[in-house]
Structure formats: C-alpha cells, structure tokens
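Student: could you work out the structure for the sequence below:
(2 chains)
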Amino acid sequence: MQPTTVKSAYWMGFRAGMPFILMALPFATLFGVVASEAGLHLSQIIAFSMLVIAGASQYAALQLMIENAAISLVLLAALAVNLRMAMYSAALVPHLGAAPLWQRVLLAYINFDQTYMIATAQYDRTPRWPVQQKVAFFFGVATPIVPVWIVATVIGALVGAAIPPEYALDFIVPIMFLALVTPALKSAAHIAAACTSATVALALFWMPSGTGLLIAAATAMCVGAAVETWAERQ
Amino acid sequence: MTYTNPQIWFIITALAVGTYLIRFSFLGLIGDRPMPPFVLKLLRYTPVAVLPGMVAPLVLWPTATDGAFDAARVAAAFATLIVGYYTRNAIWAILGGVVVLYAGLFVTGQF
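Tutor: Numbering: from 1, shown residues only, chains lettered A, B, ... in the order given. Next comes the predicted model:
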C-alpha cells in the first residue's frame, strides 16, 4: 500500500462521505418542506440547516414549534437530542485533540453522526496516521455532505410552500424520527430505552407541550443505562 | 405556530450555539480528561430516549386529524419500524413508511 499523505487522506474521506449524500438529500429536503409548511421564512430555514446542522434535533425543534411549546422546552428537547455529540467530541479527542485550536474549532462544526462514524471507523483501521491526516480525512468526509445538506434544505423550502395539505406532510416528521431510531436499536438496552420513552410520553401527554417528553427522555436514558449495566453483569 | 419572528430567531440562534458547544466541548475545552463511565452510558441513549417519546403521541393522536386515531398513520408508523429494524437502513424505512402511509390514506378515502 502506498503511504498516505494529507492530501490523499482528504480524498479518502471525501470518497467515504459520498454515499451519505443519499441520506442527507431526503432528510434536508423534507426538513425544508415541513419547515416552510409550518410557516418559517426561507432565511430562517436556511439558518436552521446551516447553523444547527443536525437533522434529528432540527426536526425535534420544528415539531415542538408546530405545537407552540414554550421556547425553553423547544431548546431543551432539541439540545437533548444532540447530547450524544458530546460523546462523539470526547471520543475524537485521542485522534484529533492534538490538532491546532483553529482546526478543532472547524472540526466541531462538522462533528455530526456521519462524520463521526465514518472517521472513527477509519481511525480504528489506521491508528498510526499522524494527526494531520486524521484531520484531513475528517474534513474530507464532511465536504460532500454539508453543501448537499444546505442546498437540499433550500430546495425543500421552495417547493414546500406549493404542496397541499392532503399530502399529509404532517406525518413525514414521525416517519423520519422512526427511520432515524430503528437502525439505532442495537441492543436490549436501546430497545428498553425506546419503549420507556414512548410509554412515559404517552402517559404524560396531558402535561404542557414538551414537559412530558423531557420526563420521558430522562427516564428512558436511566432505563437504557440501567439495562446496559445489568446486561454487563450477566 | 404563534411565535414572533424575534422569538424564532432566538430559538435558531440558541440551538446553533448550544449544539456547537456540545460538539466542541471535549475536543475544544475539556481536553482528554476521561468522562465518568456512567455519564458516557447515559449519553449513549439520548437519541433513542428522546425521539420515541416525541413520535408516540404523534402516531396515536395526529395533529392533522385533531387527535383522532387514524389507521393509515398507525400502519405507516409500524411499516417504518419494521422495515427500519430489519434493513437497518433509514432510507428504506422512510420509503416503507411513506408507501404505506399513502396506500392507507388512499384506501381510507383521505387522498
């Protein structure tokens, strides 16, 4: 095998990121559609996808905004969805922690599910890469995904306004959520957490918008962690 | 949606800053001090802990039908779950859910 340079690591990352365009395209387009149906302005929709750049939390915030939940609850629920990225951030430290600060500032912006998963899988295969190659690979993965994410949101927002209500777009959000969750049901602990979340949220649905959800999420996280601990002891 | 424009911009800005800080946290500020294993364990379950709680009421009591149970939407939700679970692929899950949704709406005369 030829020795990897910074440049070739970047292009390796780019090729690894390419297939995930297929994933970003429908998610971002539908976010644009649903957000414009909900009444957000184009500039707000673009800002959402450019600045937050995290699909599940964007949908979570949007859904609670459609329900007119209190602003604090919108923020709490959407940020809770993103808490997993703190775990990504921690897991990347051994690989990227030695990079200069300005690079880590940029890396944090593109630290999302796909880049994290692709990059850590690669770092496991090539642990001896110097930090600059690891950084280049990470940027490479994000390069095809980020522009597609933003442009597809804009396209969705522009066509969204023209779609009539009988197309039941209200239900696209639940389908998206379920589609995001099911591949993540990797263990008994994940399934237990998901079932707890759904059950508690249904039981507490009478509470003010978003409140029951937060209690359900906190309970479900504890159940997931508890089942994992229990499974380890078996 | 009844928020004012400044409120919507506040939500977007706060989410952007909050999400960025979560992403930056360890990489940027906290360094390579290890997190307590229990915290890592809790964080692992955030997506599966939040999203199902959000979906379940939407499936059983959809906003578009003013909360009336709708067989087409419930069938679509189950189709998404089943396809997603067996293919482990979000795109197939979405396709499965959307196909069943529109078939269901058509059969129940809503489309």
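Student: can you list contacts of the lowest-mean-pLDDT helix or strand in chain B?
Tutor: Here the helix or strand of chain B ranked lowest by mean pLDDT, DSSP states H and E is helix B:37-44, holding a mean of 80. With contact meaning C-beta atoms under 8 Å, 6 or more residues apart in numbering or on different chains, helix B:37-44 is reached by A:L83, A:R84, A:A86, A:M87, A:A90, A:M221, A:C222, A:G224, A:A225, A:E228, A:T229. Yep, even glycine has a C-beta here, placed from its N, CA and C like the rest.
Student: which residue is nearest the middle of chain A?
Tutor: By C-alpha atoms, centre = their mean, chain A has its centre lying nearest to A:A54, at 4.2 Å.
Student: does it touch A:M85 like I think?
Tutor: Yes. If you go by C-beta atoms under 8 Å, A:A54 and A:M85 touch, sitting 7.5 Å apart.
Student: overlap in contacts of the two?
Tutor: Both A:A54 and A:M85 are contacted by A:F112, B:T19, under the criterion C-beta under 8 Å, 6+ apart.
Student: so stretch A:207-217, near chain B or not?
Tutor: Yes. For stretch A:207-217, a contact with chain B is found by C-beta under 8 Å from any C-beta of the partner chain, at A:G212, A:L213, A:A216, A:A217.
Student: send me that stretch as CSV with only the CA atoms.
Tutor: The C-alpha trace of stretch A:207-217 is given here as CSV (Å, rounded to 0.1, in the frame of the first residue of the first chain):
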residue,chain,number,x,y,z
MET,A,207,-48.9,17.8,30.6
PRO,A,208,-47.9,21.2,28.9
SER,A,209,-46.4,20.6,25.5
GLY,A,210,-42.8,19.3,25.8
THR,A,211,-42.8,18.7,29.5
GLY,A,212,-43.9,15.1,29.5
LEU,A,213,-41.4,14.5,26.7
LEU,A,214,-38.5,15.7,28.9
ILE,A,215,-39.5,13.5,31.8
ALA,A,216,-39.9,10.6,29.4
ALA,A,217,-36.4,11.2,27.9
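Student: just the buried positions in that stretch, please.
Tutor: Counting neighbours by 16 or more other C-beta atoms under 10 Å in any protein chain shown, one finds that the buried residues in stretch A:207-217 are A:S209, A:G210, A:T211, A:G212, A:L213, A:L214, A:I215, A:A216, A:A217.
Student: SS state for A:A162?
Tutor: Using DSSP: H, G, I helix; E, B strand; the rest coil, the secondary structure recorded for A:A162 is coil.
Student: report the contact partners of A:P127.
Tutor: Taking C-beta under 8 Å, 6+ apart, we find A:P127 in contact with no residue.
Student: that one and chain B, how far apart?
Tutor: The gap separating A:P127 from chain B is 16 Å, by C-beta to the nearest C-beta, to the nearest Å.
Student: ok, A:L30 next?
Tutor: Using C-beta to the nearest C-beta, A:L30 is found at 9 Å from chain B.
Student: and for that residue, the neighbour number?
Tutor: By other C-beta atoms under 10 Å in any protein chain shown, the residues close to A:L30 number 23.
Student: one more: A:L22?
Tutor: Residues near A:L22, counting by other C-beta under 10 Å, number 11.
Student: for it, grab phi and psi.
Tutor: Dihedral pair for A:L22: phi -60, psi -30, per degrees, to the nearest 10.
Student: quick one: residues contacting B:A16.
Tutor: Shown in contact with B:A16 (C-beta under 8 Å, 6+ apart): A:A47, A:L51, A:V52.
Student: burial count for the second one?
Tutor: The number of residues packed near A:L51 is 16, by other C-beta under 10 Å.
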